[in-house]
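[1] fold the following and give me the result.
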Amino acid sequence: MTNAQKEKILRNQRSQADMPLNSLGQYAAALLNVVAEGVEAEAEAYNLKPLEFALLRLFLTEEEWTPTELAEVLPVEVSAISRMVTKLVDRGMLYRRRPRSDRRIVLLKLTEEGTAFILEIHRRVHAYEDSLFQGIPEEEKEDFLSTIRKILDNYASITE
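    Numbers count the residues shown, from 1 in each chain. Modelled structure (predicted):
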């Protein structure tokens, strides 16, 4: 992350901290902005768009994906996934393979270079996120994350 990117994030964090927040939506939006700026800065430092980073990061949870599966998880159409995949294949981050059992299916997997690349960016993003928790006792951090999980569970119950 460049010094200019760090300064932009710090300015935004200060402005977010000074903003009077009085609703869950406002707090969530402010937190999302602060986290997203750090992720964007790290991704851009490696010439990746945030959505490309999100796509590559999914391969840390599952070894292989189809473009359709990626489109079900990411907020974009399969055609946009296909364009991103082509770009990432051309950069040597992903490779495609077709199983012999069904040649119509395209399976995607990280290359060795892609794995090293995404692990490094993931490590840097994790360090940034840790810096956001600086000065917060571990118990408060766990309580905060537990509360978020409960909110997400409530949302899942509401939307079922």
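
[2] center of the protein, which residue is that?
    Closest residue to the average C-alpha location of the chain: residue 54 at 4.1 Å, with C-alpha atoms, centre = their mean.

[3] contacting residues around the host helix or strand of residue 51?
    Assigned by DSSP states H and E, residue 51 belongs to helix 50-58. With contacts defined as C-beta atoms under 8 Å, 6 or more residues apart in numbering, helix 50-58 is touched by 36, 39-40, 42-43, 48, 65, 70, 73-74, 76, 81, 84-85, 87-88, 93-94, 110, 114, 117-118, 121-122. Where you see a C-beta, it was placed from the backbone N, CA and C, and this is true even at glycine.

[4] now, of those residues, which are buried?
    39-40, 42-43, 48, 65, 70, 81, 84-85, 88, 93-94, 110, 114, 117-118, 121 (16 or more other C-beta atoms under 10 Å).

[5] okay, now residue 33: neighbour count?
    14 (other C-beta atoms under 10 Å).

[6] what angle separates the helix or strand in which it is found from helix 50-58?
    Applying DSSP H and E as the criterion places residue 33 in helix 24-45. Between the axis of helix 24-45 and that of helix 50-58 there is an angle of 90 degrees, by axes from the mean of the first three to the mean of the last three C-alpha atoms, to 10 degrees.

[7] for helix 24-45, buried residues please.
    Buried-residue list, helix 24-45, by 16+ other C-beta under 10 Å: 30, 34, 37, 38, 39, 40, 41, 42, 43.

[8] is the fourth one in contact with residue 126, as I believe?
    What it means is residue 38. No: Residue 38 lies out of contact with residue 126 (C-beta atoms under 8 Å); the separation is 10.2 Å.

[9] can you list the weak-confidence ranges in this structure?
    Residue ranges of the chain with pLDDT under 70: 1-21.

[10] if you set the cut-off to 90 instead, what comes out?
    Applying pLDDT under 90 to the chain flags the ranges 1-46, 50, 75, 99-105, 122, 155-156, 159-160.

[11] how about the strands in it?
    For the chain, applying DSSP state E gives strands covering 64-65, 94-97, 107-110.

[12] ok, the closest residue to residue 24 other than its chain neighbours - how many residues close by?
    In space, and not counting its chain neighbours, residue 24 is closest to residue 151: 7.7 Å by C-beta to C-beta, 6 or more residues apart in numbering. When neighbours are defined as other C-beta under 10 Å, residue 151 has 12 of them.

[13] what's the answer for the one 4 residues further on, then?
    By other C-beta under 10 Å, the residues close to residue 155 number 10.

[14] list the contacts for it?
    Listed by C-beta under 8 Å, 6+ apart, the contact set of residue 155 is empty.

[15] right, I'll leave it there.
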